[in-house]
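Chemist: Fold the following.
(one chain, ligands or ions: 2)
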Amino acid sequence: MNHMQRVVIDTDPGTDDALALLMALNSPDLRIEGITTVGGNATLADTTDNALRLVDHVAVGRDVPVAVGAERPAHGSFSHAYHIHGAGGLGVDLPAASIAPHRADAVEFLRDRALAAPGRTAVIALGPLTNVAAALDGRPDVAQAISEILVMGGAVEVSGNVTPHAEFNIYEDPWSANDVFASGVPVTLIGLDVTHKTALHRDGGPRWFEGTSRAALLANRILSNSFRERPDVQEFYLHDPLAVAAAIEPELLTHRRAQVAVETDGEERGQTVASYGDGPVKVALGVDAVRVVEVVRSLISN
Ligand code: RIB
Ligand code: CA
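Modeler: Ligands and ions are numbered 1, 2, ... in the order given. All right, here's what the predicted structure looks like:
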């Protein structure tokens, strides 16, 4: 990429979100306009506190606003994933943040940054799509201004990870996912179809990342703790890191264009159904997994 891509990252940190944020904050190719937090892997209070602590820990002195979003979707059942991400949503302790959340909430922040650079700001969505859908709701000017939404979510040709039909981010708020996919904003859907092909293996540790930077040491702590707390798990899937890597190197993914509809009720709640052909959603179905691991490791190691 020969220019810095302006991005806002909507996230529910979350261990894989944390690695994605470390990559983005270290990337010379991304200009992080800010981070918006959403409930998902953990409560909004935890995801927001984790985002603030991460930024304060590895981006000392940089202006990276963290704007607070939605605790949960407007309706439907909702659950967290502490059993996967650990206590507090990261599983590791970080010093208390010395920075406070941005004065604007996530919706206002997303709208403001999109309209500040129409056609030049992308959104990287790493959690339930509640904030992103709300920012687009009733605002065609905002939809016009956002260049692309890279969504980590969905399971189109593969089984889900919450139910056999659904991936977590989409399952948590299928209504907002439908709104985003129908918004007309170009969407790249980075689902389990590709993220389950990208992972760091338990045996690769305890130094998955080289160097002694705060980012490298923290990432190694997160993975070490994650594998220690889950002795039956052999791979740490790079769900959210892949979305950031794809923002930097789009050619990592191959895709098919589609209209994507999301089931909102019953057994199939959260199922992402693709009607291939012309459509606003690029469904990622292929990935250069070796290159993804190289990009993840190179951006965090130092
Ligand atoms: O299904 C994986 C996704 O759900 C990742 O974004 C993970 O962080 C959780 O939010
Ligand atoms: Ca996430």
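
Chemist: Could you pull up the residues touching the residue nearest to residue 274 when sequence neighbours are not counted?
Modeler: In this structure, residue 274 finds its nearest non-sequential neighbour in residue 258, 3.9 Å apart by C-beta to C-beta, 6 or more residues apart in numbering. For the C-beta atoms, the positions are set from N, CA and C on the backbone; glycine is no exception. Residue 258 is in contact with 274-277, 279, 281-283, counting by C-beta atoms under 8 Å, 6 or more residues apart in numbering.

Chemist: of all these, which two lie farthest apart?
Modeler: 275 and 282 (13.6 Å; C-beta to C-beta).

Chemist: Give me the residue at the spatial middle of this protein.
Modeler: Relative to the mean C-alpha position of the chain, the nearest C-alpha, by C-alpha atoms, centre = their mean, is the one of residue 126, at 1.7 Å.

Chemist: give me every residue that touches the residue in the stretch 101-250 of the chain that ligand 2 sits nearest to.
Modeler: Of all residues in the stretch 101-250 of the chain, the one sitting closest to ligand 2 is residue 126 (4.1 Å; C-beta to the ion). If you count contacts by C-beta under 8 Å, 6+ apart, residue 126 has them with 9-12, 14, 16-17, 20, 152, 169, 239-240, 243.

Chemist: From these, which land in strands?
Modeler: In strands, defined here by DSSP state E, the members of these are 9-11, 152.

Chemist: pLDDT and distance to ligand 1 added to the residues you listed, as TSV?
Modeler: What follows is the ones in strands among the contacts of residue 126, written out as TSV (pLDDT from 0 to 100; distance: C-beta to the nearest ligand atom, whole Å):
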residue	pLDDT	distance to ligand 1
9	99	11
10	99	10
11	99	8
152	99	5
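
Chemist: Buried only: go through the residues you listed for me.
Modeler: Taking 16 or more other C-beta atoms under 10 Å as the criterion, what is buried in these is 9-11, 152.

Chemist: Please produce TSV containing those residues, extended by distance to residue 104.
Modeler: What follows is these, written out as TSV (distance: C-beta to C-beta, whole Å):
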residue	distance to residue 104
9	16
10	14
11	17
152	24
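
Chemist: neighbours around the closest residue to ligand 1 within the stretch 1-150 of the chain, how many?
Modeler: Going by C-beta to the nearest ligand atom, ligand 1 is nearest to residue 14 of the stretch 1-150 of the chain, at 4.0 Å. For residue 14, the number of neighbouring residues by other C-beta atoms under 10 Å comes to 29.

Chemist: Contacts only, for it.
Modeler: Taking C-beta under 8 Å, 6+ apart, one finds 40-42, 47, 50, 81, 85, 89-90, 126-127, 240 in contact with residue 14.

Chemist: Helix or strand: which one has residue 124?
Modeler: strand 121-125 (DSSP states H and E).

Chemist: Out of the contacts of residue 258, which is nearest to ligand 1?
Modeler: Among the contacts of residue 258, residue 283 lies closest to ligand 1 (C-beta to the nearest ligand atom), at 15.8 Å.

Chemist: hey, what's the closest one bridged with?
Modeler: residue 189, residue 256 (DSSP bridges).

Chemist: can you list the residues of the stretch 1-150 of the chain near ligand 1?
Modeler: 12, 14, 16-17, 40-41, 126-127 (C-beta under 6 Å from any ligand atom).

Chemist: repeat that for 5 Å
Modeler: Within the stretch 1-150 of the chain, the positions near ligand 1 by C-beta under 5 Å from any ligand atom are 14, 16-17, 40-41, 126-127.

Chemist: right, and the pair among those with maximum separation?
Modeler: In these, two members sit farther apart than any others by C-beta to C-beta. They are 16 and 40, at 11.5 Å.

Chemist: The two - which one has more neighbours?
Modeler: A count of neighbours by other C-beta under 10 Å puts residue 40 above the other of residue 16 and residue 40, at 32 against 26.

Chemist: got the contact list for the more buried one?
Modeler: 12, 14, 47, 80-81, 127-128, 168-169, 172.

Chemist: switch to 6 Å and redo it
Modeler: 12, 127-128, 172 (C-beta atoms under 6 Å, 6 or more residues apart in numbering).

Chemist: Any chance of a markdown table for the residues you listed, columns neighbour count and secondary structure?
Modeler: Listed next are these as a markdown table, based on neighbours: other C-beta atoms under 10 Å; DSSP: H, G, I helix; E, B strand; the rest coil:
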| residue | neighbour count | secondary structure |
| --- | --- | --- |
| 12 | 33 | coil |
| 127 | 32 | coil |
| 128 | 29 | coil |
| 172 | 31 | helix |
